[in-house]
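>>> build me a model:
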Amino acid sequence: METWLIVVIVVVVVVLVALALVALRRRQVQRAAQGRVESRARRAQAERHETSAERHLEEAQDDQARAQAEREVAEQHARRAREAQARADKRREAAEREQAAATTQREQADHVDPDA
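Numbers count the residues shown, from 1 in each chain. A predicted model of the protein is given here:
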């Protein structure tokens, strides 16, 4: 009976080891499958982020181009404003000279004919 018991114990141990190996293999297969699924999900997430980043980059480039165009328009306006200010300054100086000349002529006229 002792040999019989030893054979049964050995068979049970071998079956348990085999079951443990099968369970371990199944767990490894599940982990690998889960890893592939997670990898695909990460890849899809990365592609969504990349697409979003590209769209944001294009929007930023559009904004930058628009800002440059507005800067150029503003520079043209500033140049025109400087030119208009220069013309106004020249006209003011000419008007002041005319006023000074008129005042001088009036003073001379008053000096020649104070009663007029």
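>>> what helix or strand is the most centrally placed residue in the chain on?
When Cα atoms, centre = their mean is applied to the chain, the residue found nearest the centroid is residue 60 (5.0 Å). Applying DSSP states H and E as the criterion places residue 60 in helix 2-112.
>>> chain center to that helix, what's the gap?
2 Å (Cα atoms, centre = their mean, to the nearest Å).
>>> enumerate every residue touching residue 35.
Listed by Cβ atoms under 8 Å, 6 or more residues apart in numbering, residue 35 has no contact partners. Using the backbone N, CA and C atoms, a C-beta is placed for each residue, glycine as well.
>>> distance of it from residue 82?
From residue 35 across to residue 82, the span is 68 Å (Cβ to Cβ, to the nearest Å).
>>> likewise residue 14?
Separation of residue 14 from residue 82 (Cβ to Cβ) stands at 99 Å.
>>> any idea of the mean pLDDT for stretch 33-46?
Across stretch 33-46, pLDDT averages out at 91.
>>> could you dump it to PDB, C-alpha only?
Extracted C-alpha coordinates of stretch 33-46, given in PDB (Å, rounded to 0.1, in the frame of the first residue of the first chain):
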ATOM      1  CA  ALA A  33      -2.900  40.000 -25.300                       C
ATOM      2  CA  GLN A  34      -3.700  42.700 -22.800                       C
ATOM      3  CA  GLY A  35      -0.300  44.300 -23.500                       C
ATOM      4  CA  ARG A  36      -1.100  44.400 -27.200                       C
ATOM      5  CA  VAL A  37      -4.500  45.900 -26.600                       C
ATOM      6  CA  GLU A  38      -2.900  48.600 -24.300                       C
ATOM      7  CA  SER A  39      -0.200  49.200 -26.900                       C
ATOM      8  CA  ARG A  40      -2.900  49.700 -29.600                       C
ATOM      9  CA  ALA A  41      -4.800  52.000 -27.300                       C
ATOM     10  CA  ARG A  42      -1.700  54.100 -26.600                       C
ATOM     11  CA  ARG A  43      -0.800  54.200 -30.300                       C
ATOM     12  CA  ALA A  44      -4.300  55.500 -31.100                       C
ATOM     13  CA  GLN A  45      -4.100  58.000 -28.200                       C
ATOM     14  CA  ALA A  46      -0.700  59.200 -29.500                       C
END
